[in-house]
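Novice: predicted model, plus sequence, below.
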Amino acid sequence: DAKTTQPNSMESNEEEPVHLPCNHSTISGTDYIHWYRQLPSQGPEYVIHGLTSNVNNRMASLAIAEDRKSSTLILHRATLRDAAVYYCILRDLTTSGTYKYIFGTGTRLKVLA
Amino acid sequence: SAVISQKPSRDICQRGTSLTIQCQVDSQVTMMFWYRQQPGQSLTLIATANQGSEATYESGFVIDKFPISRPNLTFSTLTVSNMSPEDSSIYLCSVVGAEAFFGQGTRLTVV
């Protein structure tokens, strides 16, 4: 089962910041927090990941709570192309030592022009 | 990074038939993953395919319904057997390195 919970949907106005929350209360000390997004008619794509410290990349920022039981994906200026389903994921370790990704329901982000 | 190609991109099939979906990766990978995405839903992991051994299926998925082949380190197939309309979904393959990479998916409609 997925280890994360997210709101089903959110809306944002174009050019405004968006904060997408995720709860992962059962996170272990070594779990990285991963974010992926799925644009319409595409496979999921990587957005960002982090362990403890806040992270920034060209796509987004990831703010991680001090107790690591929640995190927030921040899109600084939402565009229409950011309309997608955003997934917050804690990976599971397979018996052969590879990580597998178990998807929760995700948050469907709608960006209003 | 990894580039994943899936074939076919879409198909419409008659109930009771089978469809084999191909997944080609541009680099050698140990594990490949197959997902199903039912209409309007999230991705559900079907199985993990390791080269040279039988696939490991997640709860609710069985080999007779979704046989998987993994003949080498860059290729895998997923067969959807004895299809019914409930099998209408998008099927995606994935590989994992520093991050996960996904194919564009195969959109299957069973009529």
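Specialist: Yep, it's here. Numbers count the residues shown, from 1 in each chain, chains lettered A, B, ... in the order given.
Novice: tell me the mean pLDDT over stretch A:92-103?
Specialist: Averaged across stretch A:92-103, pLDDT comes to 84.
Novice: ok, now which ones touch the residue of chain A found nearest chain B?
Specialist: Closest residue of chain A to chain B, C-beta to the nearest C-beta: residue A:43 (3.2 Å). To be clear about C-beta, it is placed using only N, CA and C from the backbone, and glycine gets the same treatment. Applying C-beta atoms under 8 Å, 6 or more residues apart in numbering or on different chains to residue A:43 gives the contacts B:4, B:92, B:94, B:102, B:103, B:104, B:105.
Novice: next one: residue A:11
Specialist: Per C-beta under 8 Å, 6+ apart, neighbours of residue A:11: A:109, A:110, A:111, A:112.
Novice: the same query, at a cut-off of 10 Å, please.
Specialist: For residue A:11, the contact set (C-beta atoms under 10 Å, 6 or more residues apart in numbering or on different chains) comprises A:18, A:78, A:83, A:108, A:109, A:110, A:111, A:112.
Novice: quick check: the second one touching residue A:59?
Specialist: What that stands for is residue A:78. No - if you go by C-beta atoms under 10 Å, residue A:78 and residue A:59 don't touch, sitting 11.7 Å apart.
Novice: now do the strands in chain B.
Specialist: B:4-7, B:10-13, B:19-25, B:31-37, B:43-50, B:56-57, B:68-72, B:75-80, B:89-96, B:100-102, B:106-110 (DSSP state E).
Novice: Serialize those strands to a markdown table and add fields for mean pLDDT, mean neighbour count and distance to residue A:72.
Specialist: As requested, the strands of chain B are exported to a markdown table (pLDDT from 0 to 100; neighbours: other C-beta atoms under 10 Å in any protein chain shown; distance: least, C-beta to C-beta, whole Å):
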| stretch | mean pLDDT | mean neighbour count | distance to residue A:72 |
| --- | --- | --- | --- |
| strand B:4-7 | 96 | 17 | 30 |
| strand B:10-13 | 98 | 13 | 36 |
| strand B:19-25 | 98 | 19 | 33 |
| strand B:31-37 | 96 | 24 | 25 |
| strand B:43-50 | 94 | 22 | 22 |
| strand B:56-57 | 94 | 17 | 34 |
| strand B:68-72 | 94 | 16 | 37 |
| strand B:75-80 | 97 | 21 | 35 |
| strand B:89-96 | 96 | 24 | 25 |
| strand B:100-102 | 94 | 22 | 21 |
| strand B:106-110 | 98 | 18 | 33 |
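Novice: out of the ones you listed, the one nearest chain A is which?
Specialist: It is, among those and with distance given as C-beta to the nearest C-beta, strand B:100-102, at 3.2 Å.
Novice: what about the closest one, near chain A?
Specialist: Yes - residues of strand B:100-102 are located near chain A by C-beta under 10 Å from any C-beta of the partner chain, namely B:100, B:101, B:102.
Novice: the closest residue to the second one other than its chain neighbours: what's it in contact with?
Specialist: Spatial nearest neighbour of residue B:101, chain neighbours left out: residue B:2 (4.3 Å); criterion: C-beta to C-beta, 6 or more residues apart in numbering or on different chains. Listed by C-beta under 10 Å, 6+ apart, the contact set of residue B:2 reads B:25-29, B:74, B:94-97, B:99-103.
Novice: so what's the residue count around the closest residue to residue A:68 other than its chain neighbours?
Specialist: Excluding the flanking residues, the one nearest residue A:68 by C-beta to C-beta, 6+ apart is residue A:27, at 5.3 Å. Other residues within reach of residue A:27, judged by other C-beta atoms under 10 Å in any protein chain shown, total 20.
Novice: great, nothing more from me.
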